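Trainee: Build me a model:
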Amino acid sequence: MKRFLLILLSVLAWAAPAVAQVNINASQITSGTLSSARLPARDDIIDAAATLLPAESSDRPTITVVDGEGTALSSPVVYRPYICNTGVAISNSDGQGDSNIRFGAGTYNTSNGANGDLGMYGSIKPGGDAQFARWPIFAEFITSSANTTVEVGFYSLTTSQDTPLIEVGGRLVSDIAPRRSGTNGWKMTLTFPTASARRIKLHLSGGVGLTAIRVPTGQSITKPSGTIVRRIAFAGDSYCNGSGDGTIGGALDRETFAPRLARLLGADDVLLAGIGGTGFVTGGATNKYATRASYIVGKSPHILIVNGSINDGTAAGTIGTEAAAFFSATSAIPRVIVIGTMVAGYEANHDALKAATLAAGREFIDMKAFISGTGSILTPKGDGTGDFYRWSDGVHPTTEAHRAIARAVYRKLN
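Mentor: Okay, here's the model as predicted:
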């Protein structure tokens, strides 16, 4: 009997992290005791638990989203991205010339000159045309001390729109970004319970154009000062860039393991160079990983993280040769971390990539068979982690899988 109990306790201990994901320790989150520490295994409710703004917070905004880009404020002070409303189309902005808003690394554009330069969009990534893969927009600003209301206007390229993630004082209000359907022009209003200066960051899909940030009469926003000290770039496939969205179990680009891991690693800027359907080999001369290398290097990231792709197939093939070429092209980046192929059945691919990574003197994170079995959240089979880590399309990670991947890689790096 004693032996049986020991075995049972061992099994429960092994399973505990998965169970602990939903056991929120509210006192730790509210007090901020996890904010700068490595997340303990039994407390990492989600990947960014330390920086989520708790529901009971006295500074949590009420968020309303309605159709119509025009303002609902009376005579507001209006701040437009500096490339908007110029009367001409802008196609190659780095976002760094704005006086009031701090934009993350990427390339941005307006559209159709005088008739369509209302919004600032993320440009198509190198090789991203087939996937309509655009650079996400990270827009950050600080409100004046009297502020209680911020209104943000958008003009989307489609009527199916991704709402932004909202960060207040370095803490996310939520870690998923619901989609909405409606008119292309729409707005989001943040209403805070008290007046205060706040640092606010919007995490936007590149296809959702930022048109304006508006505050009440007599108030202002300013651009955060200081230099970027930890820009983390990601190169990868749809595991990195997203498929589906968090409200239905998949993940948008800002919901994948990549930005989650970046937050855990203390990034103050993220370059998300993921494009679905690509790999070290797959994509050929137009959109394989190497075609993004010069762009990534040009943004001077402090760390580059690359995910091995199931798109490169189950055999080793030429992945070692292609990976070596990629490492050569990114040799100027101080630290490169490669995450091995995460799905069972791709062991040859995984091992060849590991050998090429170590030969190049770069770091390799072994995530072999992290997603296993034949099931998905839609059709569980009881034969592996796929029952809860594989989305209903049978291929891509669930939201929970992305959270778990970020935690697992973070643990291996710390």
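
Trainee: can you give me the helices in the stretch 251-400 of the chain?
Mentor: Using DSSP state H, counting those that start in this stretch, the helices of the stretch 251-400 of the chain run over 257-264, 284-287, 293-298, 319-329, 347-359, 386-389, 399-413.

Trainee: Val168: which of those helices is closest?
Mentor: Closest to Val168 of the helices of the stretch 251-400 of the chain, according to C-beta to C-beta: helix 257-264, at 14.1 Å. For the C-beta atoms, the positions are set from N, CA and C on the backbone; glycine is no exception.

Trainee: returning to what we had before: mind putting the helices of the stretch 251-400 of the chain into JSON lines with distance to Gly277?
Mentor: Below are those laid out as JSON lines (distance: least, C-beta to C-beta, whole Å):
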{"stretch": "helix 257-264", "distance to Gly277": "16"}
{"stretch": "helix 284-287", "distance to Gly277": "8"}
{"stretch": "helix 293-298", "distance to Gly277": "18"}
{"stretch": "helix 319-329", "distance to Gly277": "16"}
{"stretch": "helix 347-359", "distance to Gly277": "16"}
{"stretch": "helix 386-389", "distance to Gly277": "20"}
{"stretch": "helix 399-413", "distance to Gly277": "18"}
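
Trainee: Out of those helices, which is the most enclosed?
Mentor: Of all the helices of the stretch 251-400 of the chain, helix 257-264 carries the top mean neighbour count, a mean of 26, counting by mean count of other C-beta atoms under 10 Å.

Trainee: returning to that earlier point: to Leu210, which of the helices of the stretch 251-400 of the chain lies closest?
Mentor: Closest to Leu210 of those is helix 257-264 (C-beta to C-beta; 17.8 Å).

Trainee: mind checking how far that closest one is from the chain centre?
Mentor: Here the centre of helix 257-264 is set off from its chain's centre by 7 Å, with C-alpha atoms, centre = their mean, to the nearest Å.

Trainee: What are the structural domain limits within the chain?
Mentor: Per automatic domain parsing, the domain ranges recorded for the chain read 16-45, 62-222, 231-413.

Trainee: To Pro54, which of the ones you listed lies closest?
Mentor: domain 16-45 (5.1 Å).

Trainee: Average pLDDT for stretch 399-414, rounded please.
Mentor: The average pLDDT for stretch 399-414 rounds to 94.

Trainee: repeat for stretch 339-358
Mentor: Stretch 339-358 carries an average pLDDT of 97.

Trainee: With only the CA atoms kept, save that stretch in CSV.
Mentor: Provided in CSV are the C-alpha atoms of stretch 339-358 (Å, rounded to 0.1, in the frame of the first residue of the first chain):
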residue,chain,number,x,y,z
ILE,A,339,14.0,25.7,-30.7
GLY,A,340,14.0,22.2,-32.1
THR,A,341,11.0,20.8,-34.0
MET,A,342,8.2,20.3,-31.4
VAL,A,343,6.1,17.6,-33.0
ALA,A,344,6.6,13.8,-32.6
GLY,A,345,7.5,12.1,-35.9
TYR,A,346,10.0,14.8,-37.0
GLU,A,347,13.0,13.4,-35.1
ALA,A,348,15.3,13.3,-38.1
ASN,A,349,14.6,16.9,-38.9
HIS,A,350,15.0,17.8,-35.2
ASP,A,351,18.4,16.0,-34.9
ALA,A,352,19.8,17.4,-38.1
LEU,A,353,18.9,20.9,-37.0
LYS,A,354,20.5,20.3,-33.6
ALA,A,355,23.7,19.2,-35.2
ALA,A,356,23.8,22.3,-37.4
THR,A,357,23.0,24.6,-34.6
LEU,A,358,25.8,23.3,-32.3
